[in-house]
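Undergrad: Provided below for reference: sequence and predicted model.
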Amino acid sequence: MNGIDLKKIAEKKPCRAFIFTGGKAFCAEKITDIPKDCDLIIAADSGCETLEQFSAKVKKICPDIILGDMDSCKNFSMSDYPDAVFLPFPPEKDDTDTGLAVDVAKSFGCREIIIAGGLGGRLDHTLANVFLLEDIRRSGAKGIITDGKNRAYLAEKENTFTASGRKYLSLIPLDDTLEGVTMEGFKYPYSADAVRRSRFVTISNEVQKDGAKVTVERGCALIVESGD
């Protein structure tokens with residue numbers, strides 16, 4: 001297909017990338033991270049349909065890059081996006097379409113990578129998408145994955161929240177043990193020297209006031225903000 005080349009995309013010097021990927025429970029109207037014209041927009045395979053759902057319900061956007069084998073994209077026509085660069089990949093490959101999209105975003109030097117979709121459906125793909133947040137962090141960027149109802153990202157040592165956000169907040173250990181965990185300003189205040197991945201209670205808490213804080217002194221953890 002005819003389209004602008006990758007060099008022209010690089011000239012935008014995008015700081016933030018949006019990767020639209022597949023997912024069974026995508027709620028476009030609840031997405032709080034909204035793409036801007038200067039952002040890099042990537043549609044990964046069935047994420048083309050996720051992008052079109054977002055365009056229909058929230059904001060019309062056009063992808064800069066479409067990638068994948070397009071084997072799971074049934075109701076999408078690439079001819080609708082003549083300016084997009086198409087990066088084809090075979091169905092049998094040693095990575096997921098979402099993982100490949102993350103690599104493309106990193107190659108442009110994006111400092112924030114937001115994965116829209118990727119949750120629900122097959123558990124193996126959902127977990128693989130969530131763990132991409134660690135890969136994104138290793139590159140020095142910030143990663144977020146959201147389907148509208150849920151928004152997840154890796155915890156920093158100190159994390160603050162407002163009461164106007166999603167109703168529930170959970171802290172999920174990714175390492176075997178978290179050390180020095182506190183949750184202040186929540187419905188259920190919490191403090192523990194150690195929180196183990198095998199059994200934890202830092203789940204389904206609720207922010208009670210602006211400035212609520214979650215602290216993790218040591219260990220890698222996932223923060224999940226969820227709505228009803």
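TA: Sure, I can see it. Numbers count the residues shown, from 1 in each chain.
Undergrad: dump the residue contacts of Asn129.
TA: When contacts are counted by CB atoms under 8 Å, 6 or more residues apart in numbering, Asn129 is found next to Thr21, Thr96, Thr98, Ile115, Gly118, Leu119, Ile145. C-beta here means a position set from N, CA and C on the backbone, and glycine is covered the same way.
Undergrad: Among those, which are located in strands?
TA: Those of the contacts of Asn129 mapping onto strands are Ile115, Ile145, per DSSP state E.
Undergrad: now the contacts of Asn129 as TSV including distance to Lys209?
TA: Formatted as TSV, those follow (distance: CB to CB, whole Å):
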residue	distance to Lys209
Thr21	35
Thr96	40
Thr98	36
Ile115	30
Gly118	31
Leu119	28
Ile145	27
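Undergrad: would you turn the contacts of Asn129 into TSV with neighbour count?
TA: Supplementary listing: the contacts of Asn129 in TSV, determined by neighbours: other CB atoms under 10 Å:
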residue	neighbour count
Thr21	31
Thr96	20
Thr98	27
Ile115	30
Gly118	27
Leu119	24
Ile145	28
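Undergrad: Same list (the contacts of Asn129) but as JSON lines, adding pLDDT.
TA: Below are those laid out as JSON lines (pLDDT from 0 to 100):
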{"residue": "Thr21", "pLDDT": "94"}
{"residue": "Thr96", "pLDDT": "89"}
{"residue": "Thr98", "pLDDT": "94"}
{"residue": "Ile115", "pLDDT": "98"}
{"residue": "Gly118", "pLDDT": "92"}
{"residue": "Leu119", "pLDDT": "93"}
{"residue": "Ile145", "pLDDT": "98"}
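Undergrad: Go through the contacts of Asn129 and name the one nearest Glu156.
TA: Closest approach to Glu156 among the contacts of Asn129 (CB to CB): Ile145, at 16.3 Å.
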